[in-house]
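Participant: I'll drop the sequence and a predicted model, then ask my questions.
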Amino acid sequence: MKHQEALTAYIASFVDELTACGVQDVVISPGSRSTPLAYCMAEHEGMDVHLNIDERSAAFFALGMAKEKRSPVAILCTSGTAAANYYPAIVEAHYSRVPLIVLTADRPHELRDIGAPQAIDQLHLYGKHVKWFVEMALPESALSMLHYARTIAARAAGTAVLEPAGPVHINIPLREPLIPNLADMKKWVKASEKRESSIDIRQGKSALADSQYKECLELIEQARRGLIICGPMDIPGFDQAVSRLSETTGFPILADPLSQLRGSGYCKESIIEGYDTFLKDASLCESLKPDLIIRFGAMPVSKPLLLFIKGMEQVNHMVIDGGLGWREPTGMGTHMIYCEETVFCERLALEFEKERNREWLGKWKAIDQVAKQELRNIQDETVLQEGKLFAKLQSLLPDRANLVVGNSMPIRNVDTFFHDSEKEIRIFANRGANGIDGTISTALGIAASSEQPTVLALGDLSFFHDMNGLLAAKMHNLNLLVIVINNDGGGIFSYLPQAQEERHFEELFGTPHGLSFEHTAALYGANYACPATWDEVDEAISSWSGNPDFRVVEVMTDRKYDVETYRALVKHVSQEIRAMRHVD
Ligand SMILES: Cc1ncc(C[n+]2csc(CCOP(=O)(O)OP(=O)(O)O)c2C)c(N)n1
Ligand SMILES: C=C(O[C@H]1C=C[C@H](C(=O)CCC(=O)O)[C@@H](C(=O)O)[C@@H]1O)C(=O)O
Ligand SMILES: [Mg+2]
């Protein structure tokens, strides 16, 4: 009895504190050692349990939920390789600053490193990819230990959301028998809350030091050809603040598809979306050289933009990072400013009420308009082509939706072709580590926590990589439109230098597999369509928009044709821009 009492009191207190600190969703994968936590979480009214059998999928599912909710989600698994399967999603959470509470049940110390079953070394299992690691003490019912359990829970939740947000790992050794007494759970929760409510771990918004403020003000005041560059980020209200900064400084905003600025009503006048295409033209880059760069968020998807910045010798390049990190791969940053991004914009925008020169902004907007106009010619394509699919997508989506985009070519096609959106589309992708794993599960986590319909667009290898993840849609009756662009392999490699070498290319990089996914859709209970014409694509997607369900739409394309079409279009864009009068 003593053992069960200690187990129940301790775990119930821990779980109650997690919910009190805002952790109200947990993705649980089945196991025995994690039994007391699973039972108490399922029993606790403040905790929603989402069962996901495959731990790799489960962790990405939680990642998607946490991204959509902008708050921490817990994951719980048993000991052994179950815990190791969490690792890919933890890496992505680390680099994309998503708060996860990783709970791994473990064998007690006497069963470690002696050949006992399902006992691996789980201490610091995820290395530097978690912000904090702790191994909890074994359960005890002393009040001080119940307070300790609460403190660990509160510290984990608080640490996960402190900037830069990220995953924290709690390893929980548990001795058999593992069944708690759920009838006593409420009693112990009450008994252990005999103290102030959960520890309040707060963080002030990082502000701008006066000395930095003065220097930023001076640099902006002196600049005549400033650029605001917004990479992947998701800060509610930032769009209005950065739009104000652009308005008062006259600086254009180069907006990555994951900046949440494309489609924002605030930035229409100053947003530039076609830069990935026209910055491929080296001579044009020269005429667009800025005298100041102010960069927010992670590094944009666009490699041409990265190369453009890398060519900026003698240009002041401010990186504004409220997450106190170092996301500066260009090597050209001159000022690393640890200030909350919206605070920075609001503080500095106020200083420039007077009218500023608009020619520079006008030049960028004119070039961008020509580029986007020419890119829209992709609509003339008659065969199924990946670029046209993304160009059409925004007209086919509902007015408010989540668009989750796979890495490799899908995110680059969104960058190139998804613009001038009049709809409220939140765009998500796993750009922390650019993995092709876990994409389906991430999208289903977003679908599970969002009120809006969710669409996933990804490649065939990315689809193959996480087919297991589809089970969550079937188990939890989730709606998701999965658009899989099947070019029978890794299309992106056809854009890379590897494609110059015929030998071994298909074997090592193209990796054709000959799969189509109709049976996969059937296995997981999804509706399925494989449109053969653009009219059928329109029907398959727009009919879903009208009545969302769980649907796989497989669009067959040709890798070689897609590269040729894209390159011809880029060339044409460049020619049209050179033909413009005042672009010197
Ligand atoms: C887990 C993981 N494995 C391998 C890679 C390397 N990689 C990047 S893109 C790519 C091919 C992706 O193919 P697909 O999803 O079909 O997209 P496509 O390039 O055809 O658009 C690969 C293997 C990766 N980024 N992540
Ligand atoms: C496939 C991998 O990722 C590579 C894919 C594309 C990148 C690239 O060069 C794209 C070119 C463009 O967008 O114009 C490449 C890079 O960033 O250098 C990535 O490494 C991979 O396995 O790394
Ligand atoms: Mg592919």
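Facilitator: On my side now, so go ahead. Ligands and ions are numbered 1, 2, ... in the order given.
Participant: is the host helix or strand of Pro410 anywhere near ligand 3?
Facilitator: Pro410 is part of helix 409-417, with elements assigned from DSSP states H and E. No. Under the criterion of C-beta under 5 Å from the ion, ligand 3 is not reached by helix 409-417; the shortest gap measures 7.0 Å. To be clear about C-beta, it is placed using only N, CA and C from the backbone, and glycine gets the same treatment.
Participant: and that helix, what does it pack onto?
Facilitator: Secondary-structure packing of helix 409-417 (3 or more C-beta pairs under 8 Å, 6 or more residues apart in numbering; DSSP states H and E): helix 275-278, helix 386-396, strand 400-405, strand 454-459.
Participant: between these, which gets nearest to ligand 2?
Facilitator: Within the helices and strands packed on helix 409-417, the stretch nearest ligand 2 is helix 275-278; the backing value is 7.4 Å (C-beta to the nearest ligand atom).
Participant: Which SSE is immediately downstream of that closest one?
Facilitator: As assigned by DSSP H and E, the chain's next helix or strand after helix 275-278 is helix 282-287.
Participant: Report the beta-bridge partners for the residue in the chain positioned nearest to ligand 3.
Facilitator: Nearest residue of the chain to ligand 3, counting by C-beta to the ion: Gly459, 3.6 Å away. Gly459 has the following beta-bridge partners by DSSP bridges: Ile485.
Participant: roughly how far apart are it and Pro410?
Facilitator: Noted for Gly459: a distance of 6 Å to Pro410, by C-beta to C-beta, to the nearest Å.
Participant: Give the residues shared as contacts by the two.
Facilitator: Residues within reach of Gly459 and of Pro410 at once, by C-beta atoms under 8 Å, 6 or more residues apart in numbering, are Ile485.
Participant: sorry, back to before: out of the helices and strands packed on helix 409-417, which gets nearest to ligand 1?
Facilitator: strand 454-459 (2.3 Å).
Participant: My guess is Trp360 contacts Thr249. True?
Facilitator: No. Shown here, Trp360 and Thr249 do not form a contact pair, counting by C-beta atoms under 8 Å, at 10.0 Å.
Participant: Please say which of these two ends up with more neighbours.
Facilitator: Set Trp360 next to Thr249 and count neighbours by other C-beta atoms under 10 Å: Thr249 wins out with 24 against 21.
Participant: Identify the residues contacting the more buried one.
Facilitator: 220, 223, 226, 228, 349, 352, 356.
Participant: go on, Thr104?
Facilitator: By C-beta under 8 Å, 6+ apart, the contact set of Thr104 is 76-77, 79, 82-83, 86, 122, 125, 169-172.
Participant: Quick check: it is in a strand.
Facilitator: Yes. Counting by DSSP: H, G, I helix; E, B strand; the rest coil, Thr104 falls inside a strand.
Participant: Let me know how buried the spatially closest residue to it that is not a sequence neighbour is, in neighbour terms.
Facilitator: Take Thr104 and drop its neighbours on the chain: the residue closest to it by C-beta to C-beta, 6 or more residues apart in numbering is Ala83, 4.2 Å away. Applying other C-beta under 10 Å, we find 26 residues neighbouring Ala83.
Participant: picking that back up, average model confidence for the helix holding Pro410?
Facilitator: Averaging the model's pLDDT scores along helix 409-417 yields 98.
Participant: just stretch 9-23 next, same as before
Facilitator: Here stretch 9-23 scores 97 as its mean pLDDT.
Participant: if we can go back for a sec, got CSV for the helices and strands packed on helix 409-417, with mean neighbour count and mean pLDDT too?
Facilitator: Below are the helices and strands packed on helix 409-417 laid out as CSV (neighbours: other C-beta atoms under 10 Å; pLDDT from 0 to 100):
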stretch, mean neighbour count, mean pLDDT
helix 275-278, 24, 98
helix 386-396, 22, 95
strand 400-405, 24, 97
strand 454-459, 27, 98
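Participant: The helix holding Pro410 vs ligand 2: in contact?
Facilitator: Yes. Helix 409-417 reaches ligand 2 (C-beta under 6 Å from any ligand atom) through Arg412.
Participant: next structured bit after the helix or strand that contains the residue nearest to Thr104?
Facilitator: For Ala83, the host element (DSSP H and E) is helix 81-84. Where DSSP H and E defines the elements, the next helix or strand beyond helix 81-84 is helix 87-95.
Participant: same question for that next one, mean pLDDT?
Facilitator: Helix 87-95 shows a mean pLDDT of 98.
Participant: For it, name the packing helices and strands.
Facilitator: If you count contacts as 3+ C-beta pairs under 8 Å, 6+ apart, helix 87-95 packs onto helix 55-69, strand 100-106.
Participant: residues in the stretch 301-450 of the chain within reach of ligand 1, list them.
Facilitator: With the criterion set to C-beta under 6 Å from any ligand atom, the stretch 301-450 of the chain comes near ligand 1 through 406-410, 434-437.
Participant: Which of those residues sits closest to Glu273?
Facilitator: Pro410 (16.6 Å; C-beta to C-beta).
Participant: Go ahead and confirm Arg551 touches Ile483.
Facilitator: No. If you go by C-beta under 8 Å, Arg551 and Ile483 don't touch, sitting 9.1 Å apart.
Participant: just the angle between the helix holding Pro410 and strand 454-459, please?
Facilitator: On the basis of axes from the mean of the first three to the mean of the last three C-alpha atoms, to 10 degrees, helix 409-417 is oriented at 110 degrees to strand 454-459.
Participant: who's in contact with helix 409-417?
Facilitator: Residues from elsewhere that reach helix 409-417, judged by C-beta under 8 Å, 6+ apart: 256-257, 274, 276-277, 301-302, 375, 378, 386-391, 403, 405, 427, 429, 431, 457-459, 462, 485, 491-492, 495, 562, 566.
Participant: Just the buried positions in the very next helix or strand once past that helix, please.
Facilitator: Note on helix 409-417: by DSSP H and E, the next helix or strand toward the C-terminus is strand 424-428. By 16 or more other C-beta atoms under 10 Å, the buried positions in strand 424-428 come out as 425-428.
Participant: could you dump those to CSV with pLDDT and distance to Ser206?
Facilitator: Output for the buried residues of strand 424-428, formatted as CSV (pLDDT from 0 to 100; distance: C-beta to C-beta, whole Å):
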residue, pLDDT, distance to Ser206
Ile425, 95, 29
Arg426, 96, 25
Ile427, 97, 26
Phe428, 98, 25
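Participant: rewinding a little: could you list the buried residues of the helix holding Ala83?
Facilitator: Buried residues in helix 81-84, defined by neighbour count with 16+ other C-beta under 10 Å: 82-84.
Participant: now stretch 204-224
Facilitator: By neighbour count with 16+ other C-beta under 10 Å, stretch 204-224 contains the buried residues 206, 208, 212-213, 215-216, 219-220, 223.
Participant: From these, which land in helices?
Facilitator: Counted as lying in helices by DSSP state H, out of the buried residues of stretch 204-224, are 212-213, 215-216, 219-220.
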